[in-house]
Structures are given as C-alpha cells and as structure tokens.
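Participant: Need a 3D model of the following:
(4 chains)
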Number of protein chains: 2
Amino acid sequence: MRADKARNREIVLAAAGRLFDAANDPDEVSMDAVAAAAGVGKGTLFRGFGDRLGLVRALYEQRSAQEFAARPVGDDGDPAERALELLTRTWRFKERHRVLGLAFERAGHGSPYTNAGYDWWHAELAGLIAAARADAPAGFLAHALLAAVRSDLVEHLRGRPDTDVHAGLQDLVRSVFRDGKQR
Amino acid sequence: MRADKARNREIVLAAAGRLFDAANDPDEVSMDAVAAAAGVGKGTLFRGFGDRLGLVRALYEQRSAQEFAARPVGDDGDPAERALELLTRTWRFKERHRVLGLAFERAGHGSPYTNAGYDWWHAELAGLIAAARADAPAGFLAHALLAAVRSDLVEHLRGRPDTDVHAGLQDLVRSVFRDGKQR
DNA sequence: CACTGTAGCGGACTGACGGTCCGTTTTGTT
DNA sequence: AACAAAACGGACCGTCAGTCCGCTACAGTG
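Facilitator: Numbering: from 1, shown residues only, chains lettered A, B, ... in the order given. Below is the predicted model:
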C-alpha cells in the first residue's frame, strides 16, 4: 500500500465522518461533498472504497471498532444479561452516530441484512437465546431483537423522550429469554 | 374531480402495481417507467400523487384496505392472540406484496415511521400490551413488535426457509405479553 | 348544440447524484 | 537518475425525481 493512498484513506474517512456528524439525513452527504471536504478528487474516493456503500461501511466499522475496543463486552454472567448489554450498547452507539447509522443500514440496497457484520450479531444473539432456552425459535427471535435496535427506530424515538428505551429494552430481552411457550 | 382525472388515477395505480409486482427491488420501478406503462405523461403522475412517495403510499393503502376489508380482524379473544393475528397477517401481506412493501417503508426519507399508518398500528399494539400487562413499557414494546415485521426482514427471510417465522412470531408475541419483569 | 373558461395533460427540460475514464502526477525501486 | 507502476483529479456520462408551460378536452352555460 503506497503511502499517499494510506494517507488519503484517513483524510477521506475523517472528512466523511465530519460531514455525517453534521448532517441530519444521510442524503445530505454526497460523494462530491466528501471529496471536496477531504480536498481530494472524486476518483480517489471510488478507487479507495469502491462505492458509497464501501465508504459508509469503512467509516461505520472504524467507529464501532473504536467503541468496542475501548470497552469490551464482558463474557460472563447469564445470557440474558449479556444480550441486554450488547443491545443497550448498540442502541447508545447508534444514538451517538445517528446519521452514520442510518446511512449504514440504508446502504446495501437499503437493507441492513446484507451488511457483513449483521451475520455476526445474529449468530451471537441466536447462540445466547439457544443457551437460555433450548426449545426457542432462536433464529427468528435474534432477528427480532436486532430489529428493535435499528437506526431508524433510534432516530424516531429521539425527540420523543417520553418512551423509556432502557426499561423497554430490558423488558423485551428478559421476556424473550424467558419462555414464550408454556403458560 | 373531473372524470379523466379519476380514470387516470386508477390506470396509474394499476400500472404501478404491475411494475412493483414484477420487480425485485423498488429502485427498478422509476416514475418514467410507471408513466410509460400507464400510457400517461409524467406530469400526470406528479400532479395526481405529488411525488414518488405519494404514489407508493396510495398504492400500498389501496391494497391494504382491500386486504383488511376482505377479512376483518376479529375483536374478541385475549390481547396476545389478537396481536399475534395482526402481526401474522401483516407478515403475510408483506410477503405477498414484497417490493411494494419495501418501497413503502423506504419512502418517507427512508423511514417507515413517518408514514401515517404507523401511528395507528403503534397505538393499537401498545393498547393491547397495556391491557395485558399494566406495568409494561408498552410504547417501546409495540415499536419492537412492529420492527419484527418490517418488509426488509420479511424479504431477508424469504429464501431462508429454515427459519420458522410463524413459530417465531408466536413465541415473540407470547413472551412480550407475559411479564418481562418478575422471575 | 356551440361557446368558453379552466382543470388536466404530456413530455421536453433541469439539477443533482453516483459512478467511470483517461491524461497527468507521485511513489518507490533499481 | 531513470523508469514502470500505482494513484490521482476532475471532466464526463447516464439516470432519475421533479418542474414547466404550451396544448387538449372536459363540463357548465345560453
């Protein structure tokens, strides 16, 4: 990797980050704007990241790597509490990176499910559910839990502070980790 | 309302419906394509529906009105079962109208939450939850249940038939309607 | 039926955007 | 210093949502 390429990659990511942080909607951040803000040609963006999705992904992954490197998620304790911690932190992360989160989930033709990271999250949660309740439809329930922390719901509930998200997530996770079949 | 306007409205809705049914992704259906398929000028589309979102909404609402007029949802029985029926029918409706559903939820700047109908559904489900569990964080839980039947999840699980959606929805709803606090 | 004001029509046009292309510049190796 | 390859920049392209305005045809009036 040539030095100028690596340097430009960082410059571009930083500039894109600033623009997404300042925006209220992902559509406000065009590739031309990123190139201009980075002081770089448009070709450089597309050569370095492939397409818009690639840029958004790179930035999102950079930030979530920072996040989870800073405070790793503990591995002990019971599955329900671990799942709750994962989801709560995801929620907070998306609150802190609103517009980037929206861009990320809207990216791969408008579906969060085609993003590479999704499968990891799904497997992780499904595993936790299966550990707590062998008979549960863990696959579907994991999708449902992840759907509850999607960026646009985070965004929707911002400015509606009457909804107690923390209590809600807690109740949801504990309900799901207890049994849905009997009684 | 002049006769030709009303006539054109129906022609356009029918043509758009055909195109969405045939497509695999909402982006494949452009406004030009709808106009051409309807044998109508582009101006007619925008005068009649305002913008793309307006057209998608009109079509989605027409179809869901048909759906729920044909088989109304019963009002009796316990809240959990009613909620389950509502969600299951929504899931099936979105399976049957995949691409239109995707277009609809992606429309109002890419968020389902700005669509008029969402508030109705949310209030309905929150009411059912509150009826079953007075202490529940009903607002958040209702959002979570609705998130579990979003079009792109429906789409994602199509072609992954290993996930038993019906059992999953049932388990999810029953879990949520039982208590998440005690035990 | 003829007349006429106007609601509605069509499609060329605009502006913005994601993505491509290719002549020019920078890098690092010998 | 010389050179090949990698990376750069920004003009350019195709597409799409949405606008504009000259034309058409509907419906109310005498």
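Participant: For the spatially most central residue of chain A, what are phi and psi?
Facilitator: The centroid of chain A falls nearest to A:Gly101 when counting by Cα atoms, centre = their mean (5.7 Å). In this entry, A:Gly101 is assigned phi and psi values of phi -60, psi -40 (degrees, to the nearest 10).
Participant: Could you do A:Ala23 as well?
Facilitator: Dihedral pair for A:Ala23: phi -80, psi 170, per degrees, to the nearest 10.
Participant: Please apply the same query to A:Ala136.
Facilitator: Backbone torsions for A:Ala136, taken as degrees, to the nearest 10, come to phi -70, psi 150.
Participant: Likewise for A:Ala35?
Facilitator: Phi and psi for A:Ala35, reported as degrees, to the nearest 10, are phi -60, psi -50.
Participant: Tell me how chain A divides into domains.
Facilitator: The record assigns chain A these domain ranges, following automatic domain parsing: A:1-50, A:66-177.
Participant: for the ones you listed, which one ends up most surrounded?
Facilitator: domain A:66-177 (a mean of 18; mean count of other Cβ atoms under 10 Å in any protein chain shown). In this view, the C-beta of every residue, glycine as well, is placed from N, C-alpha and C.
Participant: and that one, does that touch DNA strand C?
Facilitator: No - counting by Cβ under 7 Å from any atom of the strand, no contacts exist between domain A:66-177 and DNA strand C, the nearest distance being 9.6 Å.
Participant: isn't A:Glu124 right next to A:Leu86, touching?
Facilitator: Yes - A:Glu124 is within contact range of A:Leu86, at 7.2 Å (criterion: Cβ atoms under 8 Å).
Participant: So which residues of chain A form helices?
Facilitator: In chain A, the segments counted as helices under DSSP state H are A:3-22, A:31-38, A:42-49, A:52-70, A:79-96, A:98-107, A:116-132, A:138-147, A:151-157, A:165-177.
Participant: could these be laid out in TSV, adding distance to B:Leu128?
Facilitator: What follows is the helices of chain A, written out as TSV (distance: least, Cβ to Cβ, whole Å):
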stretch	distance to B:Leu128
helix A:3-22	38
helix A:31-38	45
helix A:42-49	46
helix A:52-70	35
helix A:79-96	23
helix A:98-107	28
helix A:116-132	24
helix A:138-147	17
helix A:151-157	19
helix A:165-177	15
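Participant: now for those, which one comes closest to DNA strand D?
Facilitator: helix A:42-49 (2.2 Å; Cβ to the nearest atom of the strand).
Participant: is DNA strand C contacted by the closest one?
Facilitator: Yes - using Cβ under 7 Å from any atom of the strand, helix A:42-49 comes into contact with DNA strand C via A:Lys42, A:Gly43, A:Phe46.
Participant: what does stretch A:24-39 rub up against?
Facilitator: Residues from elsewhere that reach stretch A:24-39, judged by Cβ atoms under 8 Å, 6 or more residues apart in numbering or on different chains: A:8, A:11-12, A:14-16, A:18-20, A:23, A:41-42, A:44-46, A:52, A:55-56, A:99-100, A:102-103, A:106, B:109-110.
Participant: quick one, what contacts the nearest residue to A:Arg89 once chain neighbours are set aside?
Facilitator: Distances taken as Cβ to Cβ, 6 or more residues apart in numbering or on different chains place A:Val73 nearest to A:Arg89, at 6.9 Å, with adjacent residues excluded. By Cβ under 8 Å, 6+ apart, A:Val73 lies in contact with A:Arg82, A:Glu85, A:Leu86, A:Arg89.
Participant: Could you check how far A:Val73 is from A:Glu85?
Facilitator: Counting by Cβ to Cβ, to the nearest Å, the gap between A:Val73 and A:Glu85 amounts to 6 Å.
Participant: tell me the contacts of A:Gly41?
Facilitator: So A:Gly41 contacts A:Ala35 (Cβ under 8 Å, 6+ apart).
Participant: go on, A:Arg98?
Facilitator: Residues in contact with A:Arg98 (Cβ under 8 Å, 6+ apart) are A:Ser151, A:Val154, A:Glu155, A:Arg158.
Participant: Out of the residues you listed, flag the one nearest to chain B.
Facilitator: Closest approach to chain B among the contacts of A:Arg98 (Cβ to the nearest Cβ): A:Glu155, at 7.0 Å.
Participant: thought that closest one was touching B:Pro112?
Facilitator: No - with contact defined as Cβ under 8 Å, A:Glu155 does not count as touching B:Pro112 (11.4 Å).
Participant: can I get the helices of chain A in JSON lines with mean pLDDT?
Facilitator: Converted to JSON lines, the helices of chain A look like this (pLDDT from 0 to 100):
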{"stretch": "helix A:3-22", "mean pLDDT": "98"}
{"stretch": "helix A:31-38", "mean pLDDT": "98"}
{"stretch": "helix A:42-49", "mean pLDDT": "98"}
{"stretch": "helix A:52-70", "mean pLDDT": "95"}
{"stretch": "helix A:79-96", "mean pLDDT": "96"}
{"stretch": "helix A:98-107", "mean pLDDT": "95"}
{"stretch": "helix A:116-132", "mean pLDDT": "95"}
{"stretch": "helix A:138-147", "mean pLDDT": "98"}
{"stretch": "helix A:151-157", "mean pLDDT": "96"}
{"stretch": "helix A:165-177", "mean pLDDT": "97"}
